[in-house]
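> test case, fold it:
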Amino acid sequence: MESLEQIKIRLEAAVPGAKLEILPNESPSGQHSLLLDNAHAVALARFLRDDAQLRFDYCSNMTGVDWPDTEITSKVKVKKVIDGVEKEVDEVTKTARPGFLEGVYHLYSMAMKHGPLILRLRTGNRKDQVQLPSFTPVWRSCEFQEREVYDLFGVVFDGHPDLRRILMWDEFRDHPMRKDYSEPDDYEYEPTPHDDVLEKSKRHQAAKGTL
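From the prediction side, this is the model:
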């Protein structure tokens, strides 16, 4: 398989105006990924699938990631005069990073027998800009997996042919895989509550005065 840098260069040449970024992975797996801009993501995906040398014809896995608001701490070297002597010291800076949701896709080529190629898409935020383009029209295996991410993380996939909940019921209002998800205490959907669930349910019913 071509290197990630080579694939990035080819994608930028094939889809003018597309913005891509290589995201390093410092874990032992060393599986770096490509962050795609949402506006050109579907065109980039089609190129990856249809190009004769790449032929990424199978998406084996698609999942979501929730990145809440956070503060990033970094160190930079600065020169300061200390006791009349210029010295180079570490200066700590803190930067606020707004939260976002992410879709992560693992691609393989069954025809060429190579992969994985890991793609990432990011939403504008975690509140009212949670749209991502759907890759289901490119790789049909994404259909149920994008529905799961829609259900559990709240990502809305534009262009998905059948976007609806797949694990939770239609009336459910929250997204259980969000890191700020607050678990309910009523468990009205639990037919036989037990252990911790039973205790929470009892407290909830007592507060409502229904026991």
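
> tell me which residues form a beta bridge with the residue lying closest to residue 153 once chain neighbours are set aside?
Spatially, and ignoring its direct neighbours in sequence, residue 153 is nearest to residue 64 (4.0 Å; C-beta to C-beta, 6 or more residues apart in numbering). To be clear about C-beta, it is placed using only N, CA and C from the backbone, and glycine gets the same treatment. Beta-bridge partners for residue 64, by DSSP bridges, are residue 103.

> OK, contacts around residue 64?
By C-beta atoms under 8 Å, 6 or more residues apart in numbering, the residues touching residue 64 are 101, 102, 103, 104, 148, 149, 152, 153, 155, 177.

> buried subset of those residues as a ChimeraX selection?
A single ChimeraX command suffices to select whichever of the contacts of residue 64 are buried according to 16 or more other C-beta atoms under 10 Å:
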select :101,102,103,148,149,152,153,155,177
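
> helices and strands of the protein: which one bottoms out on pLDDT?
helix 195-208 (a mean of 78; mean pLDDT, DSSP states H and E).

> only C-alpha atoms, please: export it in PDB.
Taking Å, rounded to 0.1, in the frame of the first residue of the first chain, the C-alpha atoms of helix 195-208 are listed here in PDB:
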ATOM      1  CA  ASP A 195     -29.200  -4.600  42.300                       C
ATOM      2  CA  ASP A 196     -28.100  -1.000  41.700                       C
ATOM      3  CA  VAL A 197     -30.800  -0.500  39.100                       C
ATOM      4  CA  LEU A 198     -33.500  -1.600  41.600                       C
ATOM      5  CA  GLU A 199     -32.200   0.800  44.300                       C
ATOM      6  CA  LYS A 200     -32.100   3.800  41.900                       C
ATOM      7  CA  SER A 201     -35.600   2.900  40.700                       C
ATOM      8  CA  LYS A 202     -36.900   2.800  44.300                       C
ATOM      9  CA  ARG A 203     -35.400   6.200  45.100                       C
ATOM     10  CA  HIS A 204     -36.900   7.700  42.000                       C
ATOM     11  CA  GLN A 205     -40.400   6.200  42.700                       C
ATOM     12  CA  ALA A 206     -40.100   7.400  46.400                       C
ATOM     13  CA  ALA A 207     -39.300  11.000  45.200                       C
ATOM     14  CA  LYS A 208     -42.300  10.900  42.900                       C
END
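
> can you list the buried residues in it?
Those would be 200, 201, 204, for helix 195-208 by 16+ other C-beta under 10 Å.

> now stretch 60-68
62, 63, 64, 66.

> any chance of these in a markdown table, plus pLDDT?
Formatted as a markdown table, these follow (pLDDT from 0 to 100):
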| residue | pLDDT |
| --- | --- |
| 62 | 97 |
| 63 | 97 |
| 64 | 98 |
| 66 | 98 |
